[in-house]
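> Just a sequence and a predicted model for now, questions to come.
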Amino acid sequence: MMHQLSARALRDEVAAGRLSALEVADYFLKRIHALDGDVGAFLRVLDARVREKARAVDEKRQRGEPLGKLAGVPIALKDNIHVEGEISTCGSRFLTNYKAPFDATVTRLIEAEDGLIIGKTNQDEFAMGSSTENSALQKTFNPWNLKCSPGGSSGGSAAAVAARMCPLALGSDTGGSVRQPAAFCGVVGLKPTYGRVSRNGLVAYASSLDQIGPLATNTDDIGLLMDVIGRHCDKDSTSLRWDAESYALEGGIQGLKIGVPWLFLEQLAEEPKKHFMAALETLKSLGASILDVDLSILKYSLSTYYILATAEASTNLARFDGIRYGVRAPEAKTLEEVYELSKEQGFGAEVKRRILLGTFVLSSGYQDAYYKKAQKVRRLIIDGYKAAFAQCDLVATPVSPFAAFEMGVIKDPLQMYLEDIYTIGINLAGIPAVSVPAGFTTDKKPLGLQLMGPVKEDQRVLTAAYAFEQAAPFAREMPPLKEVK
Amino acid sequence: MANINEATIDSLVELSRIRCSPEERKRLTHDLQKILAYIDQLNELDTDGVEPCCHVLEGTTNVFRPDLVGKILSRKTFLDNSPQHTGGLVRVPTVIKT
């Protein structure tokens, strides 16, 4: 059963010639077409393209050429990541007809290692949301409970991996958009250090926070994909010029000090708290020590985020004006009407809300009180993490205050924003953090453990997640979906 | 603390060039009031003398590259995405009236 194999195992089967890349592609295509009617993870499945690429990988092997690190592994991309010649909607009506004119750097790197891009996944519109319900195009459901949201904004990528419709996917994480859906769907998700993965070909939401990150059924596969995409890129001016590090994850966590910001976590409800405490016990049993750290500054992270992210969004999204690409309102007679009507018709409620909020915090008379104030608090948050990491090697928190919620129950925008309270500070500080499955609620919804480390220490974070996963293998459980014959 | 009213929303709508119905404006007034009331918690913090953070990673410098012609998009690729074009150019409504 190929869907039970890790990406690395699939790759090894293909490289050894025991499976052809085309067999793998066809197996997962069949699985997507059987299951995605219930889940709704994919906006587009690239059947013809992925089969053609798979044939090319098989021909390469037949010619005796060495195969790449991702040979024959199907990978889904969030729909804000470009694949040349394919539609990139970003979950928006505005871009329903937008054909990506070039490959994102991550797309190019994956295909250079013989990985197979199998489809484009659903997301909250322009990555603004925490439930994927803000997609203008379709609903995505959580494979563990089809009444529930998969989380967001990379909900399609998380649901696709959880349902084993592909072993790997990419999402983007601006405030938790890879980690929170990973937790809701019971898979592993990484937000790498800011600048670790090139954003060339990722449609920008909030550029000082956005980072592409991988999702997988296990931590080792996250390392496999990071080894391919965690490269310097001269087409992204924020891409870091660090040598690629190793993603060997077997080092263990004996002797590591793990900080827990108890004061910041005091609101945590009983059930997630119980699982979090159990996860800390597991980490202790592996030789780590747990200590209390003060990150109470993080209670200001959500406010800081919603000033900075919306300010950046209001400028980044000004480009969607109905002139050069996207959908233009057909009845617009003047230039002003082209702008106003195209945006009115193209953008959903959350996108409008954030553009207006961002316009407000940047407007004359309010810029110092809001935008500049938030930039200063961001500095205090970064300093808070630095002080914590002077005392410990990693910090642990839950990923989210709750498990997956039912579709449609959170109607108040502020309440939805509060979903991200534990993940958002990480983006403000640019540090790496992983979400790893850490148990189930009594009604069988996955919960996630978040481990974060200092800037550049992506490998340390993943090594700890890997050790945790070996001792507490919740990630191996699969959601109760129908059998595919 | 800022007070968001319907006049503020009218001005933001104009600045961001998004047309909104009267119902939407009402809803946005309510939502933004609530969000800003929450955000006002930042005023509890004394930030005098704190340097604003403009880039999250220290030691980042501007990136330059040689000004050389590389691979660029073809006109056709570009125009295929434009909602209206004519004679190899993007078409927009009249901007300057004669």
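Now that the structure is in, tell me what you want to look at. Numbering: from 1, shown residues only, chains lettered A, B, ... in the order given.
> Tell me which residue of the chain is furthest from the middle?
Just going to use chain A. In terms of distance from the mean C-alpha position of chain A, residue A:333 ranks first, at 40.2 Å (C-alpha atoms, centre = their mean).
> Check whether that residue sits in a helix, strand or coil.
Following DSSP: H, G, I helix; E, B strand; the rest coil, the label given to residue A:333 is coil.
> so what's it up against?
Counting by C-beta atoms under 8 Å, 6 or more residues apart in numbering or on different chains, residue A:333 touches residue B:93. The way it works is simple: take the backbone N, C-alpha and C, and place the C-beta from them, glycine included.
> Now do the contacts for the nearest residue to residue A:407 once chain neighbours are set aside.
In space, and not counting its chain neighbours, residue A:407 is closest to residue A:149: 5.4 Å by C-beta to C-beta, 6 or more residues apart in numbering or on different chains. By C-beta under 8 Å, 6+ apart, the contact set of residue A:149 is A:131-133, A:140-142, A:155, A:184, A:404-407.
> pLDDT, neighbour count and secondary structure added to those, as TSV?
Shown next, in TSV, are those (pLDDT from 0 to 100; neighbours: other C-beta atoms under 10 Å in any protein chain shown; DSSP: H, G, I helix; E, B strand; the rest coil):
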residue	pLDDT	neighbour count	secondary structure
A:131	96	28	coil
A:132	97	34	coil
A:133	96	19	coil
A:140	98	34	coil
A:141	98	21	coil
A:142	98	31	strand
A:155	98	37	helix
A:184	98	37	helix
A:404	96	28	coil
A:405	96	20	coil
A:406	96	11	strand
A:407	96	18	coil
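> For residue A:192, see how far away the residue nearest to residue A:407 is.
25 Å (C-beta to C-beta, to the nearest Å).
> one step back: mind checking how far the residue farthest from the centre of chain A is from residue B:93?
Taken as C-beta to C-beta, the span from residue A:333 to residue B:93 is 6 Å.
> again, but for residue A:76
40 Å.
> Helices of chain B, start to end?
Counting by DSSP state H, the segments of chain B that form helices are B:6-16, B:22-39, B:75-80.
> In a markdown table: the ones you listed, plus distance to residue A:100 and mean neighbour count.
Shown next, in a markdown table, are the helices of chain B (distance: least, C-beta to C-beta, whole Å; neighbours: other C-beta atoms under 10 Å in any protein chain shown):
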| stretch | distance to residue A:100 | mean neighbour count |
| --- | --- | --- |
| helix B:6-16 | 26 | 17 |
| helix B:22-39 | 31 | 17 |
| helix B:75-80 | 10 | 14 |
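> give me the low-pLDDT residue ranges for the stretch 151-300 of chain A?
Counting by pLDDT under 70, the stretch 151-300 of chain A contains low-confidence residues at A:243-244.
> list the contacts for whichever residue of it sits closest to chain B?
Chain B sits closest to residue A:237 of the stretch 151-300 of chain A, with a gap of 4.3 Å, by C-beta to the nearest C-beta. Going by C-beta under 8 Å, 6+ apart, residue A:237 touches B:62-63.
> okay, the helices of chain B in JSON lines with distance to residue A:198 and mean pLDDT next?
Below are the helices of chain B laid out as JSON lines (distance: least, C-beta to C-beta, whole Å; pLDDT from 0 to 100):
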{"stretch": "helix B:6-16", "distance to residue A:198": "29", "mean pLDDT": "93"}
{"stretch": "helix B:22-39", "distance to residue A:198": "32", "mean pLDDT": "94"}
{"stretch": "helix B:75-80", "distance to residue A:198": "21", "mean pLDDT": "93"}
